[in-house]
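A.B. asks: Have a look at this fold, sequence not included:
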């Protein structure tokens, strides 16, 4: 048993450590999933699985990596975006179903799951299974941190499912459209993230936290206790 699992077991009656990290792209899900994985807990990045499923389509267009997935999807107002957004979501849904089915088969398996920002669009049934099988932790960015998330999106593009939230105005530059519409996307998702989560951690608080799995899990335990 890893140190992270031992810390989790101290307050969770010998259940396997199963954490699903949710939140907007850039909130720190991958960072904290990697910190926990460094202690020996199995970790899965949904991005990696989705990219693998999309690989033949990416290769045909000369795209590679998660940034290549974003490039393949295109800008939200491009002609092919809606079709490729739907393809991406279909593969994300299949990925999450496969991961959860694996946890249902192996009740003793510990796992930290680094989800995508669009996991909440995979359907109510999958969200119910996710909550049932894993402790869902929402990494919440404040209004003041929106600009940072926007800059991260523009400087290091990741796949984003806009779900109609990207609405360009005449004469507006793409960066201007993102700056105007991205806060609306965050706002639209917040309620869904919070509804799924067992515990919510503020991104600002995480920045002040020691970068260790133990410190993160302690904060998770405190947040979960406070929400009861």
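C.D. replies: Received the coordinates, thanks. Predicted model, so just to flag it, every value in this text is computed and none were measured.

A.B. asks: Run through the chain and note the low-pLDDT ranges.
C.D. replies: Counting by pLDDT under 70, the chain has low-confidence residues at 1-14, 226-228.

A.B. asks: can you give me the strands for this protein?
C.D. replies: Per DSSP state E, the chain has strands spanning 18-22, 43-45, 111-114, 135-140, 199-202. These are given in chain order.

A.B. asks: okay, the ones you listed in CSV with distance to residue 148 and mean neighbour count next?
C.D. replies: C-beta coordinates here come from the backbone N, C-alpha and C atoms, glycine included. Compiled in CSV, the strands of the chain are given as follows (distance: least, C-beta to C-beta, whole Å; neighbours: other C-beta atoms under 10 Å):
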stretch, distance to residue 148, mean neighbour count
strand 18-22, 18, 26
strand 43-45, 22, 19
strand 111-114, 19, 24
strand 135-140, 13, 23
strand 199-202, 14, 19
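
A.B. asks: need these in a markdown table with distance to residue 158, can you?
C.D. replies: Shown next, in a markdown table, are the strands of the chain (distance: least, C-beta to C-beta, whole Å):
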| stretch | distance to residue 158 |
| --- | --- |
| strand 18-22 | 15 |
| strand 43-45 | 12 |
| strand 111-114 | 12 |
| strand 135-140 | 15 |
| strand 199-202 | 20 |
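
A.B. asks: Looking at those strands, spot the one closest to residue 180.
C.D. replies: Ranking the strands of the chain by their distance to residue 180 (criterion: C-beta to C-beta) puts strand 135-140 first, at 21.6 Å.

A.B. asks: Can you list the strands that the closest one pairs with?
C.D. replies: If you go by DSSP bridges, strand 135-140 pairs up with strand 18-22 (parallel), strand 199-202 (parallel).

A.B. asks: Residue 128 is nearest to which of the ones you listed?
C.D. replies: Distances from residue 128 to each of the strands paired with strand 135-140 were compared using C-beta to C-beta; the minimum, 12.8 Å, belongs to strand 18-22.

A.B. asks: that older thread, and the strands paired with strand 135-140: which comes nearest residue 208?
C.D. replies: For the strands paired with strand 135-140, distance to residue 208 was read as C-beta to C-beta. The smallest value, 9.9 Å, belongs to strand 199-202.

A.B. asks: measure residue 216 to residue 95 for me?
C.D. replies: Separation of residue 216 from residue 95 (C-beta to C-beta, to the nearest Å) stands at 24 Å.

A.B. asks: Which one of the two is surrounded by more residues?
C.D. replies: Neighbours per residue, other C-beta atoms under 10 Å: of residue 216 and residue 95, the larger number sits with residue 216, 26 against 23.

A.B. asks: show me what contacts the closest residue in space to that one that isn't next to it in sequence?
C.D. replies: Here the nearest residue to residue 216 in space, its sequence neighbours aside, is residue 32; by C-beta to C-beta, 6 or more residues apart in numbering that works out to 5.4 Å. Under the criterion of C-beta atoms under 8 Å, 6 or more residues apart in numbering, the contact partners of residue 32 comprise 21, 139, 206, 216.
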